[in-house]
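> Below are the sequence and a predicted model for it; my questions follow.
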Amino acid sequence: MKIALAGYGKMGHMIEAAAKFRGHDVVATIDISAPDASVRVSSAAELADVVEKCGADGVIEFTHPTSVLENIRALVPMEIPVVVGTTGWMEKLDEVTSLVKSSKGSLFYSSNYSIGVNMFYRMVKNAAALMAQYEEYDVAVWEAHHRQKADSPSGTALDIAKLIMEANPGKTEMIFDAFHEKPQNNQLHVSSTRIGSVPGTHTVYFDSAVDTIELTHTVRNREGLAMGSVRAMEWLFAGLENGSLTRGQTYNMDNMLS
C-alpha cells in the first residue's frame, strides 16, 4: 500500500518506520515545519494537493488539534481511506460523520491506537459497572503525558471517563479543573499532569473508606500507537477493497477489534 503521512513529528517518524516494517511504501511525509519532511505545506488545501499528486492509497493524519479539522475536511472528499490520530476534535464528530457520509469518504478515528489501551477500555467498562453497584465506592480518572502534548485532558482519558459514566448512572458530569469546593456525588473528576517525556499513563481509582482499587495502563513507548495506526489503515483499506466495509462511514477501534 502507498501511504502518505500528514504530520512528521516524533509520531510521524514512528509511523513511517512501522509502515515500512509492515511492507508498505511511504510516498510522502508532509508537515508544516519539520525540516526532514519530504514536503512542507502551509494549509489543508496544500496537504490534499500533495496527497493527490503522490498517488497515495491512504493517509495517516497525526498533526495538531488546531489543524486536524481542516485537514479532515480537505482529505475526506478525496475518497481514499483517512486514519486520524490527532485528538482534541471530538466535539465535532457529528459534523465529520456527516461530511464522510455526504462525500462517500472513509475515516477511521481513535484517541489511542494502542491495542493494549483498547483492551484496557473494556476492563474499565466492566469494572465501572461492577463497582457502581456499591455506593460506598467513588471513582476518578488521572492521566499523565509528556510536556509536548497539546491537549488536556488526553483523548484517552476522555474515552475512559465516558465509559465510566455509561456504566455508572450516578456520575453525570465530568470536572477537569481543580475543585474549590466540596465535590458533588455526581461529579467525575478527570485530572491531568504534563511532565517531562512521559509517553502516557492512565489510572482509574475506585476508592472507599476501607480500600482503594487502581486500574493503570502505562505506555513504555509510542511504538504501539504507531503500529496500531498502520494496522487500522490496513484494516480500513482491505475492508473497502473486499466489500466488508462501506464507503461513507466512520470507523473506530471498536469496529476493528470486534
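Sure, I can see it. Numbers count the residues shown, from 1 in each chain.
> just the helices in the chain please.
Remark: helices of the chain, listed N- to C-terminal, are 10-21, 44-54, 68-75, 93-103, 115-131, 155-167, 223-242, 253-257; assignment by DSSP state H.
> Out of those helices, flag the one nearest residue 181.
Proximity to residue 181 (CB to CB) singles out helix 155-167 among the helices of the chain, at 20.5 Å. To be clear about C-beta, it is placed using only N, CA and C from the backbone, and glycine gets the same treatment.
> doesn't residue 191 make contact with residue 183?
No: the criterion here is CB atoms under 8 Å, and residue 183 misses it with residue 191 at 11.8 Å.
> Looking only at neighbour counts, state which of the two leads.
For residue 183 and residue 191, the more surrounded residue by other CB atoms under 10 Å is residue 191, and the numbers stand at 18 against 13.
> Just give the nearest non-adjacent residue to the spatially most central residue of the chain, would you?
To find the centre residue of the chain, average its C-alpha atoms and take the closest one (CA atoms, centre = their mean): that gives residue 111, at 1.6 Å. By the measure of CB to CB, 6 or more residues apart in numbering, the closest residue to residue 111 outside its immediate chain neighbours is residue 155, 2.8 Å from it.
> That neighbour: what's it in contact with?
For residue 155, the contact set (CB atoms under 8 Å, 6 or more residues apart in numbering) comprises 87-88, 90, 111-112.
> Among these, name the buried ones.
For the contacts of residue 155, a burial check counting by 16 or more other CB atoms under 10 Å picks out 87-88, 111-112.
> farthest-separated two in those residues?
Across the buried ones among the contacts of residue 155, the two members that end up farthest from each other (CB to CB) are 88 and 112, 13.0 Å apart.
> Filter the buried ones among the contacts of residue 155 down to the ones in strands?
Cross-referencing the buried ones among the contacts of residue 155 against strands under DSSP state E gives no overlap.
> gap between residue 119 and residue 254?
From residue 119 across to residue 254, the span is 12 Å (CB to CB, to the nearest Å).
> same question but for residue 156, I mixed them up
Plainly put, residue 156 is 14 Å away from residue 254 if you go by CB to CB.
> Compare the two (neighbour count), which wins?
Neighbours were counted for residue 156 and for residue 254 using other CB under 10 Å; residue 156 has more, 24 against 11.
> Which pLDDT value does the model give that one?
What the model reports as pLDDT for residue 156 is 90.
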